[in-house]
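Asks: everything below, folded, please.
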Amino acid sequence: MRRFFARKGSTPAGAIDRAAQHDHTPRAPRAVEGEASNAPDLPVAAGTKVSRDVPRGVAQARHFNGVDGLRAIAIVAIIAYHARPMLLKGGFLGVTLFLVVSGFFITRSLMNAVDGHRFLLFDYLRRRVKRLWPAVISTIGLTAVLVYACAPPLILKMRGDAVPSALFYSNWSFIFRKLSYFDAAGLPSPLTHLWYTSLIMQFYLLWPLLFIPLFLHCRRHWVRVGVLGALIAAGTLEMMMLYRPEADTSRLYYGLDTRAAEILVGVLLAMLVHDSASRSDQERRAADGRIVFDRQIGRYHAVLRRGDLGVVAAGICALALALGFLLVDARAAWMYHGGFLFFAVVSAVLLYASMQDARVGRILGVKALRYLGSRSFSLYLVHYPLLEVMNPATRTTGIPWYEWIGQFLVILMAGEAFYQIVEALTGTPWLPWMRCRITSAGAGRLRTSAWILTIVGVVMTFVMALPLDWRAIAHARSVKARPELALTAEQARERLAQQQKRESETSKENGKEHKDSSGKPNAQAKPKVAPPVVKALKVPANLEPQRWACDRKAMVCQAKVLMIGDSVTEGVSDTLREHFPNATIDGAVSRQFDQGVQILRDDLARGMDPQVIVFALGTNGSVSEQMAQQVIDLAGGRPLYFATTRAPVDWVPGNNATFIGMAERNPNVGIIDWSGTSQGRDDYLYDDGIHPNQLGMQAYLQMFLNAFCA
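Replies: This is a model prediction of the structure:
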C-alpha cells in the first residue's frame, strides 16, 4: 500500500503539482482534456518538445504537438456543429475525441505518479479542481454579464444552470429536468455546453477510486486490460439497452454512465502504452524517441511500424472521422448501438499515431492547428454563449458566409483573451511554439486576473441563485431593447396597419396615371380593377370562399375551419377565434406531427365536417412526405391548408419544403406561408424566435383572413 501514497523522505507531492502545471512546452496543460504528463521518467515520444528552461527540481515538460492538432480538429468541429448543425451535423463527435484524450492523459498521469511513489489522493483532487473550477466559474460570471447586457431573455435560462454548472453536476441536472441537447429550440441555456466539464470532472473524481484498487490487486497486465474491456462493454451495453427510437436521446448523451466507455477507451490506450519498468531502464530505451510499450503488446507495436502500416491505419481512421463529422446524425440508432464506441476507437488510433509516428505528428502539429489546440479549452468555454448572443432566435434572415467568418474571428479573439486572462498559468509563453518562460519552481500558478474573475463568477452565481423576480427583470431589459414586446393588441393592430399602408404606398403603381411617349396621358391605358381574390402562397383549387360570409372591414370570417397545431396555434388561438367565430382551433404545447394526424382522424370520426382544414404543425420535429400524405388522405378531398412554420431549428426548412412540394402535387392542398410572412420581420416574434408577439399575432390574423376571404 505504501507504493500508492507519498511518504516522508520520498518525492514530495508538490513536485507532481509543479510537473502537472509545467506539462507544456510551450503551453499550459489542457486541464479539460485531462493532460497531466507529470512524470520525469516517461520516455520522449516522436514529435515531443522538451523544455530546456525548467530549473532543477521541476519535472521536465513534454508536449505532443500532434495532440494539439487533434484538439484543434475537435474544437473546430464542435463550434461548427453549434453554429450550423446542418453544415457539419456530425460535429458532436469532437466531444468523443476530447473524451478519449481526457481518459488517456489523466490515466497516464496517475500511473506515473503511482510508479514514482508520489500519489496523494487529496493532492490529485485539489489539482483537478484548481485547473477546472476557476475557468468554469469565470465562464459563468462573464456569461451572466454578457446576457444581461445583450440578451436579457437568456437570464431565465441560465439562472437554473449556474449552480449545477459551478458544482459540476449540470449534465445530471439536464437529465432530471428532461432538457434535450439535440432539440433545444428557441432559447437554449448559454451554459448548456458546460455539461461536458461536469461530466469530465465527475470522471476525474471517481476514476482514482477504481484505479487504485485496480493497480493494487491486479498486477497482471491482461487482468487490467480485461477489467477495462468489461467496463467499456458494460457502458456500451447500457447505452444500447436505454436507447428508445421514439424517445429523446439526451439521457444517453449527457450521462457519465453511458459516455464512460469513450473515456475508458483512452484509459485503455494509456494502459497499453505504459511501461512500469525502472527509471534507468526507461532512460536507456528513450533515445529512439518512441513511446515504450508493455512486453505483452510489443509485437503489435512492431507490426504497426513495419513499412507505412501505421500511417495507413491513421489515414483510414482520419477518413472515418472526417466522414463522421460530415454524415453522422446524432439521432441515428446505430450511434447508440456501438457507434460512439467505434468513433472512440478511431480517435484512440489517431491519438496513438499522433504521438508515436513522427510523420503523423508533423502533419497534425502544424502551427495553425497547434495554436487552436492550445486554446481549445478556452474556445470551448466561450464559443457557445457568444453564438447564442450573436445569433438570436428572432433572426428571420439567413446569415451570409462573411458574417460566419466574422463570428468565428470574434470567438477566436474571445478565446485568446480568456486563455491569457484565466487559463494560462504564470510563465506560460504567449504562443505555443515560443520557449517556456518558467524560471523558478514557484512558477505555474494561476494568474491574478484568473482569481479576480473567479471571484466575479462566484458572486454572479450566488446572485443568480437568489429568489428574485427574474422574469420581471428579464422582461424589463427585453422591452428596453425591443419596444414592440410591450404593445397591446390594439396598439399592435394600429402599428401593423400603418406599416402596411406605408408598404402599399411605396409599391403602389396601378393607381399611377399612364402616359404615352409624348408625355400626354394615354387614353387607352385604363386602370384595371382586379376582382377580389383569396391570397395565399397557394390556394386550394376547390376552395370556395363564397360559401361563407366575410366582413373584411370588421375582419370577421364565418368559415367552418378545423385548425390543428402546436404552441404557436395555441398562442394565436384567442385572436383567431375572435375573428373566426365558427372555427375549431386545437393547439397544444410540443405537439408532434403524428399526434396531430391522430387528432384529425379522431375529429373526423366523431362526425366533424369542416369546410376547410388547416394543419399547422412541424415546429417540433421532422415531417416526411408520408406523414404529410396521411393528412391529405384524411382530408378526403376537402380544401386543406398546410401552414409553414418558423423556428430556429434545423428541420423547419425541410418541413416547409415538404409542405410546398405536397401542395404542388395535390390540387386540393394550399399553403399559408407564415415563414414567408415573417421573413425579415424579427419584430413579429418573441425572443424564442418561434411564437408571435402581439404585432406578429396581428400579422398572423391578416395572413389567415387573406387565405379565406376575398
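Asks: rest of the way, CA atoms for contacts and neighbours
Replies: Noted.
Asks: can you map out the strands along this protein?
Replies: Ranges of strands within the chain are 48-50, 62-64, 550-551, 556-557, 561-565, 584-587, 612-616, 640-643, 669-672, based on DSSP state E.
Asks: packing partners for the third one?
Replies: Other elements packing on strand 550-551 under the criterion 3 or more Cα pairs under 8 Å, 6 or more residues apart in numbering; DSSP states H and E are strand 556-557.
Asks: quick one: strands adjacent to the strand it packs on?
Replies: The pairing partners recorded for strand 556-557 under DSSP bridges are strand 550-551 (antiparallel).
Asks: now do the partner strand, average pLDDT.
Replies: Averaged across strand 550-551, pLDDT comes to 90.
Asks: and for stretch 650-667?
Replies: For stretch 650-667, mean pLDDT is 94.
Asks: any weak-confidence spans in the stretch 1-150 of the chain?
Replies: Along the stretch 1-150 of the chain, segments meeting pLDDT under 70 span 1-62.
Asks: what about the helices in it?
Replies: 13-21, 65-83, 93-115, 121-150 (DSSP state H, counting those that start in this stretch).
Asks: turn the ones you listed into JSON lines, columns for mean neighbour count and distance to Gln498.
Replies: Shown next, in JSON lines, are the helices of the stretch 1-150 of the chain (neighbours: other Cα atoms under 10 Å; distance: least, Cα to Cα, whole Å):
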{"stretch": "helix 13-21", "mean neighbour count": "22", "distance to Gln498": "64"}
{"stretch": "helix 65-83", "mean neighbour count": "24", "distance to Gln498": "36"}
{"stretch": "helix 93-115", "mean neighbour count": "25", "distance to Gln498": "50"}
{"stretch": "helix 121-150", "mean neighbour count": "19", "distance to Gln498": "29"}
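Asks: out of these, which gets nearest to Gln595?
Replies: Taking Cα to Cα, helix 65-83 is the member of the helices of the stretch 1-150 of the chain nearest to Gln595, at 29.1 Å.
Asks: what helices and strands are in contact with the closest one?
Replies: Applying 3+ Cα pairs under 8 Å, 6+ apart, we find helix 65-83 packed against helix 93-115, helix 339-356, helix 358-364, helix 367-374, helix 376-390.
Asks: buried stuff in the fourth one?
Replies: Of all the residues in helix 367-374, those buried under the rule 16 or more other Cα atoms under 10 Å are 367, 369-374.
Asks: ok, now stretch 313-324?
Replies: For stretch 313-324, by 16+ other Cα under 10 Å, it's 313-315, 317-318, 321-322, 324.
Asks: which residues make contact with it from outside it?
Replies: By Cα atoms under 8 Å, 6 or more residues apart in numbering, the residues outside stretch 313-324 that reach it are 90-91, 93, 343, 346-347, 349-350, 353, 360.
Asks: ok so, going back, Arg552: which of the buried residues of stretch 313-324 is nearest?
Replies: Nearest to Arg552 out of the buried residues of stretch 313-324 is Gly324 (Cα to Cα; 54.9 Å).
Asks: and the gap between Ser354 and Val67?
Replies: 6 Å (Cα to Cα, to the nearest Å).
Asks: got it, and Gln630?
Replies: Here Gln630 is placed at a distance of 52 Å from Val67 (Cα to Cα).
Asks: now do the helices in the stretch 351-500 of the chain.
Replies: Under DSSP H, counting those that start in this stretch, the stretch 351-500 of the chain gives helices at 358-364, 367-374, 376-390, 401-418, 448-464, 470-481, 489-507.
Asks: kindly reformat these as TSV containing mean pLDDT and distance to Leu268.
Replies: TSV is the format used below for the helices of the stretch 351-500 of the chain (pLDDT from 0 to 100; distance: least, Cα to Cα, whole Å):
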stretch	mean pLDDT	distance to Leu268
helix 358-364	89	21
helix 367-374	94	23
helix 376-390	96	23
helix 401-418	95	32
helix 448-464	94	34
helix 470-481	90	47
helix 489-507	76	63
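Asks: closest to Asn668 out of those?
Replies: helix 489-507 (29.9 Å).
Asks: hang on, the earlier thing: mutual contacts of Ser354 and Val67, please.
Replies: Shared contacts of Ser354 and Val67 (Cα under 8 Å, 6+ apart): 361, 364.
Asks: for stretch 628-642, buried residues please.
Replies: Using 16+ other Cα under 10 Å as the test for burial, stretch 628-642 gives 628, 631-632, 635, 638-642.
Asks: just put the helices of the stretch 351-500 of the chain in CSV and tack on distance to Thr236.
Replies: As requested, the helices of the stretch 351-500 of the chain are exported to CSV (distance: least, Cα to Cα, whole Å):
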stretch, distance to Thr236
helix 358-364, 30
helix 367-374, 29
helix 376-390, 26
helix 401-418, 34
helix 448-464, 35
helix 470-481, 41
helix 489-507, 54
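Asks: those: which one's closest to Met555?
Replies: Across the helices of the stretch 351-500 of the chain, the minimum distance to Met555, taken as Cα to Cα, is reached by helix 489-507, at 11.5 Å.
Asks: what sits up against the closest one?
Replies: Contacts to helix 489-507, defined as Cα under 8 Å, 6+ apart, come from residues 694-695, 698-699.
Asks: just the buried residues of the residues you listed.
Replies: Neighbour counting by 16+ other Cα under 10 Å classes 694-695, 698-699 among the contacts of helix 489-507 as buried.
Asks: could you dump the residues you listed into a markdown table with pLDDT and distance to Trp548 added?
Replies: As requested, those are exported to a markdown table (pLDDT from 0 to 100; distance: Cα to Cα, whole Å):
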| residue | pLDDT | distance to Trp548 |
| --- | --- | --- |
| Gln694 | 93 | 27 |
| Leu695 | 93 | 27 |
| Gln698 | 93 | 22 |
| Ala699 | 94 | 22 |
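Asks: what's the most distant pair in those?
Replies: Pairwise distances across the buried ones among the contacts of helix 489-507 (Cα to Cα) peak at 8.8 Å, for the pair Gln694 and Ala699.
Asks: find residues that contact each of these two.
Replies: Tyr684.
Asks: contacting residues around Val652?
Replies: With Cα under 8 Å, 6+ apart, Val652 has these contacts: 618-619, 621-622, 645-646.
Asks: recalculate using a threshold of 10 Å.
Replies: By Cα atoms under 10 Å, 6 or more residues apart in numbering, the contact set of Val652 is 618-623, 644-646, 658, 675.
Asks: mind checking which of these are in helices?
Replies: Under the assignment DSSP state H, the contacts of Val652 contribute 658, 675 to helices.
Asks: among the contacts of Val652, which one sits closest to Met86?
Replies: The nearest member of the contacts of Val652 to Met86, counting by Cα to Cα, is Ser622 at 13.4 Å.
Asks: count of residues packed around the closest one?
Replies: Neighbour count of Ser622, defined by other Cα atoms under 10 Å: 18.
Asks: what is the burial count for the closest residue to it other than its chain neighbours?
Replies: The spatially closest residue to Ser622, leaving aside those adjacent along the chain, is Trp651, at 5.6 Å (Cα to Cα, 6 or more residues apart in numbering). A count of nearby residues for Trp651, using other Cα under 10 Å, gives 17.
Asks: and this structure, what are its domains?
Replies: Domain ranges of the chain: 2-386+396-478, 545-708, per automatic domain parsing.
Asks: want to throw the ones you listed into CSV with distance to Ala489?
Replies: Putting the domains of the chain into CSV (distance: least, Cα to Cα, whole Å) gives the following:
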stretch, distance to Ala489
domain 2-386+396-478, 18
domain 545-708, 6
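Asks: what's the closest of those to Thr488?
Replies: Between the domains of the chain, domain 545-708 lies closest to Thr488; by Cα to Cα that is 6.5 Å.
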